[in-house]
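[1] Need a 3D model of the following:
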Amino acid sequence: MFLGRSFLEIVAFLLSLLIAIDVHEFAHAWMANELGDPTARYYGRLSLNPLVHLDPMGTVMMLFSIFYGFGIGWGKPVPVNPMYLRKGPRVGMGMVAAAGPLSNLVLAAIVAIPIRLGLPLPAFLMGLLLTVISVNIGIALFNLLPLPPLDGASILRGILSTIRAAWAYQVSEALDRIQAQGPIIFILLIMVDQVLPISILGLILGLPYRLLYRLIAGF
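    Down below sits the predicted model:
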């Protein structure tokens with residue numbers, strides 16, 4: 001047992017993370033290619049082979065989060081040249097970014113089909129499917145946070161670029177200014193969230209997570 005988790009639960013969680021990150025990064029590469037940027041395809045990232053999407057440090061952090069109960073893992077960032085994107089750099093990058101979280105939600109919905117149909121499933125398979133659903137919803141929602149380098153920041157920039165108003169430009173400029181500091185802010189947020197008596201991320205993501213889980217899994 002590791003922090004109250006059985007070996008099978010750890011295996012299920014690890015497999016779910018690998019699948020979720022693989023699909024997430026593939027979706028980024030696929031959308032970029034569809035919008036006219038072949039960079040990811042040239043680098044061999046237009047693939048569902050998880051090995052091409054694993055980031056060494058991200059994988060270590062993934063294992064850390066599994067065995068110690070907190071942390072975050074990530075895949076290797078997909079190379080994208082915004083100037084090749086047919087929809088323009090900002091809208092195009094927003095669409096590429098949105099493809100990742102959307103793919104996780106679609107995968108969760110597909111995996112939930114046997115459960116929604118009420119098929120008799122072995123206990124481990126049922127647990128694995130529920131873990132895949134849970135992890136994919138969690139990764140999708142977490143990545144939608146509008147904080148660089150998460151996908152939500154690029155999505156928000158893309159949306160703001162279509163709004164002809166001073167406030168939209170100002171918010172977009174503010175996102176650009178914190179772009180370089182984004183990873184530091186991101187890490188600090190994770191660390192602070194672990195020491196506070198109330199989880200900030202839990203407060204932000206808890207309700208949408210529960211709603212999506214009920215909608216997709218059915219309970």
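
[2] And the top helix by length along the chain, what's buried?
    As assigned by DSSP state H, the longest helix anywhere in the chain is helix 7-34. Within helix 7-34, the residues scored as buried using 16 or more other C-beta atoms under 10 Å are 9-10, 12-14, 16-33. Placement of C-beta: from N, CA and C, glycine included.

[3] helices or strands up against it?
    If you count contacts as 3 or more C-beta pairs under 8 Å, 6 or more residues apart in numbering; DSSP states H and E, helix 7-34 packs onto helix 39-42, helix 56-68, helix 89-111, helix 123-143.

[4] in the last one, what counts as buried?
    The reference is to helix 123-143. The neighbour-count check on helix 123-143 (16+ other C-beta under 10 Å) flags 127-143 as buried.

[5] Check the third one too.
    For helix 89-111, burial by neighbour count (16+ other C-beta under 10 Å) applies to 89-105, 107-109, 111.

[6] So for whichever helix or strand comes after that helix, what gets flagged as buried?
    Where DSSP states H and E defines the elements, the next helix or strand beyond helix 89-111 is helix 113-116. Residues of helix 113-116 classed as buried: Ile115 (neighbour count, 16+ other C-beta under 10 Å).

[7] From the rest of the structure, what touches helix 113-116?
    Helix 113-116 has contacts (C-beta atoms under 8 Å, 6 or more residues apart in numbering) with Leu121, Met126, Leu129, Leu130, Ala217, Gly218.

[8] Just the CA trace of it, in CSV.
    Extracted in CSV, the C-alpha atoms of helix 113-116 (Å, rounded to 0.1, in the frame of the first residue of the first chain):
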residue,chain,number,x,y,z
ILE,A,113,-20.0,3.8,-22.5
PRO,A,114,-19.8,0.2,-21.1
ILE,A,115,-20.7,1.7,-17.6
ARG,A,116,-23.6,3.7,-19.0
